[in-house]
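*Asks:* quick one, what's the 3D model for this:
(one chain, ligands or ions: 1)
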Amino acid sequence: MAQDRYSRQHLFTPIGEKGQNKIKSKHVLIVGAGALGTSSAEQLVRSGIGKLTIVDRDYVEWSNLQRQQLFDEEDARSRTPKAVAAKKKLQLYNSEVTIEAHIMDAQREEMESLIPTVDVVLDATDNFDTRMLLNDCCQKYATPWIYGGCVGSHGMSFTIVPGETPCLHCLLESVPLGGATCDTAGIISPAVHMVTAHQVAEALKLLVGDYDALFHKLITFDLWNHQYSAVKVGRAKNKDCPSCGENPSYPFLSLEHQTKTAVLCGRDTVQIRPGQKVERNFEELKAAIPAGNVEENPFLISFQTNDYRMVFFKDGRVLIHGTKDVTEARRLYHKVVG
Ligand SMILES: [Zn+2]
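*Replies:* Sure thing, here's the model as predicted:
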(Lines give C-alpha, C1' and ligand atoms only; values in the text may rest on other atoms or scores of the structure.)
Protein backbone atom coordinates (compact mmCIF):
# COMPACT_ATOMS: atom_id res chain seq x y z
CA MET A 1 0.00 0.00 0.00
CA ALA A 2 1.18 3.47 -0.82
CA GLN A 3 1.07 4.59 2.81
CA ASP A 4 3.58 1.84 3.64
CA ARG A 5 6.17 3.46 1.39
CA TYR A 6 8.31 4.76 4.26
CA SER A 7 7.43 2.06 6.82
CA ARG A 8 11.01 0.79 7.06
CA GLN A 9 12.26 4.27 7.88
CA HIS A 10 9.45 4.69 10.44
CA LEU A 11 10.69 1.48 12.09
CA PHE A 12 14.27 2.72 12.11
CA THR A 13 14.38 4.40 15.53
CA PRO A 14 16.69 7.36 14.76
CA ILE A 15 14.25 8.44 12.03
CA GLY A 16 10.78 7.24 13.10
CA GLU A 17 7.57 8.93 11.95
CA LYS A 18 8.71 12.23 13.39
CA GLY A 19 11.95 12.14 11.46
CA GLN A 20 10.12 11.10 8.32
CA ASN A 21 7.94 14.20 8.56
CA LYS A 22 11.08 16.32 8.86
CA ILE A 23 12.64 14.61 5.84
CA LYS A 24 9.49 15.35 3.89
CA SER A 25 9.77 19.05 4.64
CA LYS A 26 13.39 19.39 3.46
CA HIS A 27 15.06 20.59 0.28
CA VAL A 28 18.36 19.07 -0.86
CA LEU A 29 20.67 20.38 -3.58
CA ILE A 30 22.91 17.93 -5.43
CA VAL A 31 25.61 19.57 -7.52
CA GLY A 32 26.46 17.20 -10.35
CA ALA A 33 24.44 14.38 -11.91
CA GLY A 34 27.28 12.03 -12.70
CA ALA A 35 28.16 8.88 -10.76
CA LEU A 36 27.93 10.37 -7.26
CA GLY A 37 24.97 12.58 -8.07
CA THR A 38 22.76 9.89 -9.61
CA SER A 39 23.52 7.47 -6.77
CA SER A 40 22.77 9.93 -3.97
CA ALA A 41 19.76 11.39 -5.79
CA GLU A 42 18.12 7.98 -6.10
CA GLN A 43 18.62 7.23 -2.40
CA LEU A 44 17.34 10.62 -1.27
CA VAL A 45 14.32 10.63 -3.57
CA ARG A 46 13.34 7.14 -2.44
CA SER A 47 13.78 8.25 1.19
CA GLY A 48 11.02 10.83 0.68
CA ILE A 49 12.66 14.25 0.86
CA GLY A 50 10.31 17.13 0.05
CA LYS A 51 12.29 18.65 -2.78
CA LEU A 52 15.42 17.86 -4.75
CA THR A 53 17.27 20.32 -6.93
CA ILE A 54 19.87 18.73 -9.16
CA VAL A 55 22.20 20.62 -11.47
CA ASP A 56 24.53 19.39 -14.17
CA ARG A 57 26.19 20.97 -17.19
CA ASP A 58 26.70 17.89 -19.33
CA TYR A 59 24.81 15.26 -21.32
CA VAL A 60 24.80 11.45 -21.14
CA GLU A 61 27.51 9.56 -23.00
CA TRP A 62 28.11 5.83 -23.40
CA SER A 63 31.10 5.86 -21.04
CA ASN A 64 28.77 7.05 -18.25
CA LEU A 65 26.52 3.97 -18.29
CA GLN A 66 28.99 1.74 -16.42
CA ARG A 67 28.36 3.62 -13.17
CA GLN A 68 25.80 6.44 -13.53
CA GLN A 69 22.78 4.54 -12.38
CA LEU A 70 19.90 6.71 -13.55
CA PHE A 71 20.83 6.61 -17.24
CA ASP A 72 20.09 4.14 -20.01
CA GLU A 73 21.18 3.50 -23.59
CA GLU A 74 18.51 5.74 -25.06
CA ASP A 75 19.81 8.66 -22.97
CA ALA A 76 23.30 8.09 -24.39
CA ARG A 77 22.03 7.70 -27.95
CA SER A 78 20.02 10.91 -27.81
CA ARG A 79 22.62 12.83 -25.76
CA THR A 80 19.99 13.81 -23.22
CA PRO A 81 21.27 16.33 -20.66
CA LYS A 82 22.03 14.49 -17.42
CA ALA A 83 19.81 16.72 -15.29
CA VAL A 84 16.83 16.03 -17.55
CA ALA A 85 17.44 12.27 -17.81
CA ALA A 86 17.94 12.02 -14.04
CA LYS A 87 14.73 13.86 -13.24
CA LYS A 88 12.72 11.64 -15.56
CA LYS A 89 13.95 8.47 -13.86
CA LEU A 90 13.74 9.85 -10.32
CA GLN A 91 10.16 10.95 -10.79
CA LEU A 92 9.22 7.35 -11.70
CA TYR A 93 10.71 6.16 -8.41
CA ASN A 94 8.87 8.72 -6.32
CA SER A 95 6.25 11.06 -7.75
CA GLU A 96 5.73 12.70 -4.33
CA VAL A 97 9.07 14.49 -4.42
CA THR A 98 9.29 17.86 -6.16
CA ILE A 99 12.28 17.67 -8.47
CA GLU A 100 13.90 20.66 -10.12
CA ALA A 101 16.51 19.85 -12.74
CA HIS A 102 18.81 22.53 -14.12
CA ILE A 103 21.07 22.17 -17.14
CA MET A 104 23.66 24.60 -15.89
CA ASP A 105 27.24 25.15 -14.95
CA ALA A 106 27.60 25.50 -11.19
CA GLN A 107 29.21 28.93 -11.00
CA ARG A 108 28.96 31.72 -8.44
CA GLU A 109 25.76 33.30 -9.70
CA GLU A 110 23.92 30.00 -9.95
CA MET A 111 25.09 28.75 -6.56
CA GLU A 112 24.39 32.02 -4.77
CA SER A 113 20.81 31.88 -5.96
CA LEU A 114 20.26 28.20 -5.07
CA ILE A 115 22.19 27.54 -1.87
CA PRO A 116 20.31 29.99 0.41
CA THR A 117 17.07 28.14 -0.46
CA VAL A 118 18.16 24.61 0.52
CA ASP A 119 18.75 22.67 3.76
CA VAL A 120 21.71 20.51 2.72
CA VAL A 121 24.08 20.43 -0.25
CA LEU A 122 25.69 17.24 -1.57
CA ASP A 123 28.89 17.50 -3.53
CA ALA A 124 28.78 15.34 -6.64
CA THR A 125 31.21 17.38 -8.71
CA ASP A 126 34.39 16.15 -10.30
CA ASN A 127 36.70 19.07 -9.65
CA PHE A 128 38.10 21.19 -6.86
CA ASP A 129 37.28 24.54 -8.48
CA THR A 130 33.57 23.85 -8.08
CA ARG A 131 34.05 22.34 -4.62
CA MET A 132 35.86 25.45 -3.38
CA LEU A 133 33.05 27.58 -4.76
CA LEU A 134 30.47 25.38 -2.98
CA ASN A 135 32.57 25.58 0.17
CA ASP A 136 32.60 29.39 0.21
CA CYS A 137 28.95 29.68 -0.74
CA CYS A 138 27.84 27.21 1.96
CA GLN A 139 29.92 29.07 4.56
CA LYS A 140 28.40 32.39 3.51
CA TYR A 141 24.83 31.08 3.83
CA ALA A 142 25.55 28.74 6.78
CA THR A 143 24.37 25.68 4.86
CA PRO A 144 25.86 22.28 5.70
CA TRP A 145 27.38 20.40 2.78
CA ILE A 146 28.85 16.96 2.33
CA TYR A 147 32.04 16.60 0.39
CA GLY A 148 32.52 13.40 -1.61
CA GLY A 149 35.06 12.27 -4.13
CA CYS A 150 36.23 9.06 -5.69
CA VAL A 151 38.70 7.76 -8.23
CA GLY A 152 39.74 4.20 -9.06
CA SER A 153 38.70 2.14 -6.01
CA HIS A 154 39.40 5.02 -3.60
CA GLY A 155 36.91 7.40 -2.11
CA MET A 156 36.53 9.97 0.60
CA SER A 157 33.83 11.95 2.30
CA PHE A 158 33.49 14.62 4.98
CA THR A 159 30.55 16.55 6.38
CA ILE A 160 31.12 20.28 6.64
CA VAL A 161 28.97 22.14 9.13
CA PRO A 162 29.59 25.92 9.08
CA GLY A 163 30.63 27.25 12.46
CA GLU A 164 31.54 23.80 13.74
CA THR A 165 33.79 21.72 11.53
CA PRO A 166 36.79 22.72 9.48
CA CYS A 167 35.84 23.66 5.93
CA LEU A 168 37.31 22.23 2.73
CA HIS A 169 39.70 25.18 2.51
CA CYS A 170 41.03 24.33 6.01
CA LEU A 171 41.35 20.66 5.07
CA LEU A 172 43.22 21.33 1.84
CA GLU A 173 45.81 23.30 3.81
CA SER A 174 46.47 20.46 6.24
CA VAL A 175 45.35 17.09 4.89
CA PRO A 176 46.51 15.57 1.61
CA LEU A 177 43.22 15.04 -0.21
CA GLY A 178 45.12 13.75 -3.22
CA GLY A 179 42.60 14.97 -5.72
CA ALA A 180 43.29 18.61 -6.34
CA THR A 181 43.95 17.92 -10.00
CA CYS A 182 41.92 16.30 -12.74
CA ASP A 183 42.18 12.57 -12.80
CA THR A 184 41.92 10.08 -15.61
CA ALA A 185 42.65 6.96 -13.58
CA GLY A 186 39.30 5.30 -14.18
CA ILE A 187 36.78 4.31 -11.58
CA ILE A 188 34.78 1.31 -10.42
CA SER A 189 31.15 1.61 -9.49
CA PRO A 190 31.37 0.24 -5.90
CA ALA A 191 33.69 3.11 -4.94
CA VAL A 192 30.95 5.52 -6.00
CA HIS A 193 28.29 3.81 -3.91
CA MET A 194 30.54 3.61 -0.87
CA VAL A 195 31.01 7.39 -1.00
CA THR A 196 27.30 8.09 -1.48
CA ALA A 197 26.40 5.63 1.30
CA HIS A 198 28.35 7.91 3.64
CA GLN A 199 27.04 11.12 2.08
CA VAL A 200 23.39 10.09 2.18
CA ALA A 201 23.60 8.69 5.73
CA GLU A 202 25.08 12.01 6.86
CA ALA A 203 22.44 13.92 4.89
CA LEU A 204 19.63 11.97 6.58
CA LYS A 205 21.12 12.77 9.99
CA LEU A 206 21.15 16.47 9.09
CA LEU A 207 17.61 16.33 7.71
CA VAL A 208 16.15 14.76 10.86
CA GLY A 209 18.29 17.03 13.07
CA ASP A 210 20.33 14.24 14.69
CA TYR A 211 23.52 16.33 14.82
CA ASP A 212 25.09 14.21 17.56
CA ALA A 213 25.20 11.29 15.17
CA LEU A 214 27.22 13.19 12.54
CA PHE A 215 30.55 11.53 11.96
CA HIS A 216 32.99 14.47 12.27
CA LYS A 217 35.83 12.50 10.72
CA LEU A 218 37.30 12.40 7.23
CA ILE A 219 36.51 9.00 5.77
CA THR A 220 38.88 7.50 3.23
CA PHE A 221 38.89 4.02 1.78
CA ASP A 222 40.28 1.80 -0.93
CA LEU A 223 37.82 -0.96 -1.74
CA TRP A 224 40.25 -2.95 -3.89
CA ASN A 225 42.89 -3.18 -1.19
CA HIS A 226 40.59 -3.26 1.86
CA GLN A 227 41.88 -0.11 3.46
CA TYR A 228 39.49 1.98 5.51
CA SER A 229 40.27 4.91 7.72
CA ALA A 230 38.50 7.68 9.57
CA VAL A 231 40.72 10.59 10.48
CA LYS A 232 39.97 13.18 13.14
CA VAL A 233 40.41 16.53 11.43
CA GLY A 234 38.83 18.89 13.96
CA ARG A 235 42.20 20.47 14.62
CA ALA A 236 42.52 21.48 10.98
CA LYS A 237 39.99 24.27 11.60
CA ASN A 238 41.87 27.51 11.06
CA LYS A 239 40.51 30.66 12.69
CA ASP A 240 42.22 32.70 9.97
CA CYS A 241 40.76 30.63 7.14
CA PRO A 242 39.55 33.01 4.38
CA SER A 243 36.49 30.78 3.84
CA CYS A 244 35.35 29.89 7.39
CA GLY A 245 37.56 31.92 9.75
CA GLU A 246 36.71 34.93 11.89
CA ASN A 247 36.94 37.41 9.02
CA PRO A 248 35.98 35.48 5.93
CA SER A 249 36.53 37.00 2.50
CA TYR A 250 35.07 34.02 0.55
CA PRO A 251 37.82 34.19 -2.08
CA PHE A 252 36.17 31.66 -4.38
CA LEU A 253 33.09 33.85 -4.74
CA SER A 254 35.19 36.72 -6.05
CA LEU A 255 35.12 37.67 -9.70
CA GLU A 256 38.68 36.66 -10.52
CA HIS A 257 37.79 33.07 -9.72
CA GLN A 258 34.99 33.00 -12.28
CA THR A 259 35.96 30.97 -15.28
CA LYS A 260 34.53 31.71 -18.66
CA THR A 261 36.56 29.04 -20.39
CA ALA A 262 37.46 25.77 -18.73
CA VAL A 263 39.12 22.52 -19.70
CA LEU A 264 36.83 19.80 -18.36
CA CYS A 265 38.26 17.35 -15.88
CA GLY A 266 39.67 14.16 -17.36
CA ARG A 267 38.17 14.86 -20.76
CA ASP A 268 39.44 16.12 -24.06
CA THR A 269 36.94 18.94 -23.84
CA VAL A 270 36.86 22.71 -23.44
CA GLN A 271 33.77 24.53 -22.19
CA ILE A 272 33.14 28.13 -23.25
CA ARG A 273 30.62 30.25 -21.36
CA PRO A 274 29.46 33.48 -22.97
CA GLY A 275 30.38 36.61 -21.02
CA GLN A 276 26.71 37.57 -20.67
CA LYS A 277 23.79 35.26 -20.04
CA VAL A 278 22.22 34.46 -23.40
CA GLU A 279 19.58 32.12 -24.64
CA ARG A 280 20.95 30.39 -27.70
CA ASN A 281 18.65 30.66 -30.70
CA PHE A 282 18.85 27.19 -32.23
CA GLU A 283 17.32 28.26 -35.55
CA GLU A 284 19.92 30.99 -36.07
CA LEU A 285 22.62 28.61 -35.05
CA LYS A 286 21.54 25.94 -37.48
CA ALA A 287 21.66 28.51 -40.29
CA ALA A 288 25.26 29.34 -39.31
CA ILE A 289 26.66 25.82 -39.23
CA PRO A 290 27.32 23.73 -42.32
CA ALA A 291 24.61 21.22 -43.16
CA GLY A 292 25.15 17.55 -42.38
CA ASN A 293 26.65 16.02 -39.23
CA VAL A 294 24.22 17.98 -37.10
CA GLU A 295 22.15 16.30 -34.42
CA GLU A 296 19.74 17.97 -32.06
CA ASN A 297 17.34 17.35 -29.22
CA PRO A 298 15.19 19.95 -27.41
CA PHE A 299 18.13 20.91 -25.15
CA LEU A 300 21.21 20.97 -27.35
CA ILE A 301 22.63 20.93 -30.86
CA SER A 302 25.64 18.80 -31.64
CA PHE A 303 27.80 19.45 -34.68
CA GLN A 304 30.59 17.12 -35.83
CA THR A 305 33.58 18.10 -37.97
CA ASN A 306 36.49 15.82 -38.83
CA ASP A 307 38.38 16.41 -35.63
CA TYR A 308 35.99 18.13 -33.28
CA ARG A 309 32.49 17.96 -31.98
CA MET A 310 30.81 21.14 -30.75
CA VAL A 311 27.77 20.95 -28.53
CA PHE A 312 25.66 24.08 -28.06
CA PHE A 313 23.34 24.36 -25.06
CA LYS A 314 20.28 26.59 -24.70
CA ASP A 315 21.99 28.57 -21.90
CA GLY A 316 24.70 29.73 -24.30
CA ARG A 317 27.45 27.34 -23.23
CA VAL A 318 29.42 25.38 -25.79
CA LEU A 319 31.41 22.18 -25.24
CA ILE A 320 34.18 21.56 -27.73
CA HIS A 321 35.26 17.93 -27.70
CA GLY A 322 38.55 16.82 -29.19
CA THR A 323 40.84 19.48 -27.77
CA LYS A 324 42.35 20.65 -24.50
CA ASP A 325 43.71 23.77 -26.16
CA VAL A 326 41.70 26.78 -25.03
CA THR A 327 42.94 29.07 -27.83
CA GLU A 328 42.06 26.51 -30.47
CA ALA A 329 38.66 25.98 -28.87
CA ARG A 330 37.95 29.73 -28.91
CA ARG A 331 38.97 29.92 -32.57
CA LEU A 332 36.55 27.12 -33.48
CA TYR A 333 33.82 28.72 -31.42
CA HIS A 334 34.15 32.13 -33.09
CA LYS A 335 34.28 30.52 -36.51
CA VAL A 336 30.72 29.32 -35.91
CA VAL A 337 29.08 31.99 -33.77
CA GLY A 338 31.13 34.99 -35.01
ZN1 LIG B 1 38.08 26.91 6.64
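*Asks:* would you confirm that residue 250 contacts residue 141?
*Replies:* No: here residue 250 lies out of contact with residue 141, judged by CB atoms under 8 Å, at a distance of 10.4 Å. Every C-beta, even on glycine, is put in place using the N, C-alpha and C of the backbone.
*Asks:* any idea how far the ion is from residue 150?
*Replies:* Per CB to the ion, to the nearest Å, residue 150 is found 23 Å from the ion.
*Asks:* do the same with residue 305
*Replies:* Residue 305 sits 45 Å away from the ion, going by CB to the ion.
*Asks:* residue contacts, that residue?
*Replies:* By CB atoms under 8 Å, 6 or more residues apart in numbering, the contact list for residue 305 reads residue 293.
*Asks:* switch to 6 Å and redo it
*Replies:* Listed by CB atoms under 6 Å, 6 or more residues apart in numbering, residue 305 has no contact partners.
*Asks:* quick one, grab the pLDDT at it.
*Replies:* Residue-level confidence at residue 305 comes out at 79, pLDDT.
*Asks:* then residue 256?
*Replies:* As predicted, residue 256 sits at a pLDDT of 66.
*Asks:* show me where this protein has strands.
*Replies:* Under the criterion DSSP state E, the chain carries strands at the ranges 27-31, 51-56, 98-103, 120-123, 145-151, 154-160, 217-222, 227-232, 261-263, 269-272, 294-297, 300-304, 309-313, 318-321.
*Asks:* contact residues of this protein facing the ion?
*Replies:* 167, 169-170, 241, 243-244 (CB under 5 Å from the ion).
*Asks:* the closest residue to residue 313 other than its chain neighbours: neighbouring residues, count only.
*Replies:* Spatial nearest neighbour of residue 313, excluding adjacent residues (CB to CB, 6 or more residues apart in numbering): residue 300 at 5.2 Å. For residue 300, the neighbour count with other CB atoms under 10 Å is 22.
*Asks:* what's near enough to touch the residue nearest to residue 193 when sequence neighbours are not counted?
*Replies:* In space, and not counting its chain neighbours, residue 193 is closest to residue 39: 5.7 Å by CB to CB, 6+ apart. Neighbour list for residue 39: 69, 192-193, 196 [criterion: CB under 6 Å, 6+ apart].
*Asks:* at 10 Å instead, please
*Replies:* For residue 39, the contacting residues are 30, 67-70, 124, 148, 189, 192-197, 199-200, by CB atoms under 10 Å, 6 or more residues apart in numbering.
*Asks:* tell me how many other residues crowd residue 216.
*Replies:* With other CB under 10 Å as criterion, residue 216 counts 18.
*Asks:* how near is it to residue 231?
*Replies:* Distance of residue 216 to residue 231, given as CB to CB, to the nearest Å: 10 Å.
*Asks:* pull out the buried residues from the longest helix seen in the chain.
*Replies:* Once the chain is assigned using DSSP state H, the helix that runs over the most residues is helix 189-208. Across helix 189-208, burial judged by 16 or more other CB atoms under 10 Å covers 191-196, 198-208.
*Asks:* distance check, the closest residue to residue 272 other than its chain neighbours against residue 208.
*Replies:* In space, and not counting its chain neighbours, residue 272 is closest to residue 318: 4.8 Å by CB to CB, 6+ apart. Distance of residue 318 to residue 208, given as CB to CB: 43 Å.
*Asks:* got it, and residue 44?
*Replies:* Per CB to CB, residue 44 is found 13 Å from residue 208.
*Asks:* give me the common contacts of these two.
*Replies:* Common neighbours of residue 44 and residue 208 (criterion: CB under 10 Å, 6+ apart): 23, 26.
*Asks:* and the contacts of the lowest-mean-pLDDT helix or strand in the chain?
*Replies:* Lowest on mean pLDDT, DSSP states H and E among the helices and strands of the chain sits strand 261-263, with a mean of 80. The set of residues external to strand 261-263 that reach it, using CB under 10 Å, 6+ apart, is 57, 105, 107, 127, 129-130, 182, 269-273, 318, 320, 323-327, 329-330, 333.
*Asks:* hmm, 6 Å instead?
*Replies:* 270-272, 324, 326.
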